[in-house]
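Student: no sequence for this one, just the structure:
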């Protein structure tokens, strides 16, 4: 019998002791996976270098000034490293407006800007796509959240992604 | 003395129990060490900052209630956000769409004001974050602010780290 009449597994270990030992072993294994193995799994020792461009629309000059070359960006939800800003272009923000006569006009919004950020990040190019940090999908036209130490960007639209190295 | 009795260290404890207790004590000690290193790091990185929060479209009596030196708190959790240093009051504006001409128009809202508060605080600063009173702040973030007799949501416009 696995457990004898005294409640001992294989006649040696108390059931409560066994469960406690199991919980501790699982906690240690979980800790090792979370803090050591998951990092190793994210990006291999020789990752690809990905470059992607995001468009941040309809923002004020405060946001323009808060984003600078060499700033490091993170995913605010998962804390994944999303790369370093290597390029920044600022344009007046323009949007199509459907007029009362049914025609469409491209209108400039006062004091609002579009920022185009070019970002470089170690990652993985696979047959399924591009993964920043090995685990965060980067797809054209998808919307991602980014954050630096100074600023939170709720909606950044990916307009381009490629492997550069 | 049989084998089981040999394994007993004291009455009621066996070697496995001792091992489990040692592991738990070790985990607690390790956890305490990591936490103390983290909080010590935060203390070392405390710096003075000044940041701006904008309230849009408020009334004059709301503006009048805000005074220099007011202690500001996050109105939901009560985090200490710092002290109000200066208020900048301008006419409230909005950007509307003129569908007839197909353009945007900046308009002034009658009897409404936009107010920007300059707030000074001590902040915990790391490579990734700036926190006041334990609350992370970033430009563009919505913040629920409460002072003496007033409360309003606003947006953080700027953060200036003092040298």
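Tutor: Sure thing, it's come through. Source: prediction; values computed, not measured. Residues are numbered from 1 along each chain as shown, chains lettered A, B, ... in the order given.
Student: Tell me which helix or strand comes right after the lowest-mean-pLDDT helix or strand in chain A.
Tutor: Least confident helix or strand of chain A, by mean pLDDT, DSSP states H and E, is helix A:38-42 with a mean of 52. Counting by DSSP states H and E, the next helix or strand C-terminal to helix A:38-42 is strand A:48-59.
Student: Output the contacting helices and strands for the following helix or strand past that next one.
Tutor: Later in the chain than strand A:48-59, the nearest helix or strand by DSSP H and E is helix A:61-66. With contacts defined as 3 or more C-beta pairs under 8 Å, 6 or more residues apart in numbering or on different chains; DSSP states H and E, the packing partners of helix A:61-66 are strand A:104-126, strand B:150-161. (C-beta placed from N, C-alpha, C; glycine too.)
Student: so which of these gets nearest residue B:75?
Tutor: Nearest to residue B:75, of all these, is strand B:150-161, at 4.7 Å by C-beta to C-beta.
Student: That closest one - what's its average pLDDT?
Tutor: When pLDDT is averaged along strand B:150-161, the result is 95.
Student: Contacts for it, please.
Tutor: Strand B:150-161 is contacted from outside by A:60, A:62, A:65-66, A:150, B:47-56, B:58, B:62, B:65-66, B:75, B:116-117, B:123, B:125, B:130, B:137-145, using C-beta atoms under 8 Å, 6 or more residues apart in numbering or on different chains.
Student: Could you pull out the strands in chain B for me?
Tutor: Assigned strands in chain B, in chain order: B:8-10, B:13-14, B:46-58, B:71-74, B:80-98, B:103-125, B:130-132, B:135-136, B:142-147, B:150-161 (criterion: DSSP state E).
Student: between these, which one is nearest to residue A:137?
Tutor: Using C-beta to C-beta, the strands of chain B put strand B:135-136 closest to residue A:137, at 25.1 Å.
Student: Find the closest residue to chain B in chain A.
Tutor: Residue of chain A nearest chain B, by C-beta to the nearest C-beta: residue A:105 (2.9 Å).
Student: burial count for the nearest residue to that residue once chain neighbours are set aside?
Tutor: Spatially, and ignoring its direct neighbours in sequence, residue A:105 is nearest to residue B:102 (2.9 Å; C-beta to C-beta, 6 or more residues apart in numbering or on different chains). Residue B:102 has 18 neighbouring residues, counting by other C-beta atoms under 10 Å in any protein chain shown.
Student: before we move on, what about residue A:90?
Tutor: Using other C-beta under 10 Å: residue A:90 sits among 17 other residues.
Student: Quickly list what it is bridged to.
Tutor: Under DSSP bridges, the beta-bridge partners of residue A:90 are residue A:115.
Student: May I ask you to confirm that it is in contact with residue A:64?
Tutor: Yes: counting by C-beta atoms under 8 Å, residue A:90 touches residue A:64, with 5.5 Å between them.
Student: tell me the contacts of residue B:55?
Tutor: B:62, B:114, B:115, B:116, B:117, B:145, B:152, B:153, B:154.
Student: For the fourth one, which non-adjacent residue is spatially closest?
Tutor: Read it as residue B:116. residue B:88 (4.4 Å).
Student: got a list of what the one you found touches?
Tutor: For residue B:88, the contact set (C-beta under 8 Å, 6+ apart) comprises B:115, B:116, B:118.
Student: Check residue A:131 too.
Tutor: Contacts of residue A:131 (C-beta under 8 Å, 6+ apart): A:123, A:124, A:125, A:137, A:138.
Student: what does chain A put close to chain B?
Tutor: Neighbours of chain B within chain A, by C-beta under 8 Å from any C-beta of the partner chain: A:13-14, A:17, A:20-21, A:24, A:27, A:59-60, A:62-63, A:65-66, A:72, A:74, A:79, A:97-100, A:103-105, A:107-112, A:147-154.
Student: In chain A, where's the longest helix?
Tutor: Assignment by DSSP state H gives helix A:15-32 as the longest helix of chain A.
Student: typed the wrong thing, it's chain B
Tutor: Per DSSP H, chain B has its longest helix at helix B:15-44.
Student: Which residues of chain B lie near chain A?
Tutor: Contacts of chain B with chain A, taken as C-beta under 8 Å from any C-beta, map to B:14, B:16-17, B:19-20, B:23-24, B:27, B:95, B:97, B:99-104, B:106, B:125-130, B:138-141, B:157-159.
Student: Restricted to buried residues, select those in ChimeraX.
Tutor: This is how ChimeraX selects the buried members of these, with burial counted by 16 or more other C-beta atoms under 10 Å in any protein chain shown:
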select /B:14,16,17,20,23,97,102,103,104,125,129,130,138,139,140,141,157,158,159
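Student: follow-up on the earlier one: which among the helices and strands packed on helix A:61-66 is found nearest to residue A:162?
Tutor: strand A:104-126 (8.5 Å).
Student: Give the buried residues for whichever helix or strand comes after the closest one.
Tutor: Using DSSP H and E, the helix or strand that follows strand A:104-126 in sequence is strand A:129-132. Of all the residues in strand A:129-132, those buried under the rule 16+ other C-beta under 10 Å are A:130, A:131, A:132.
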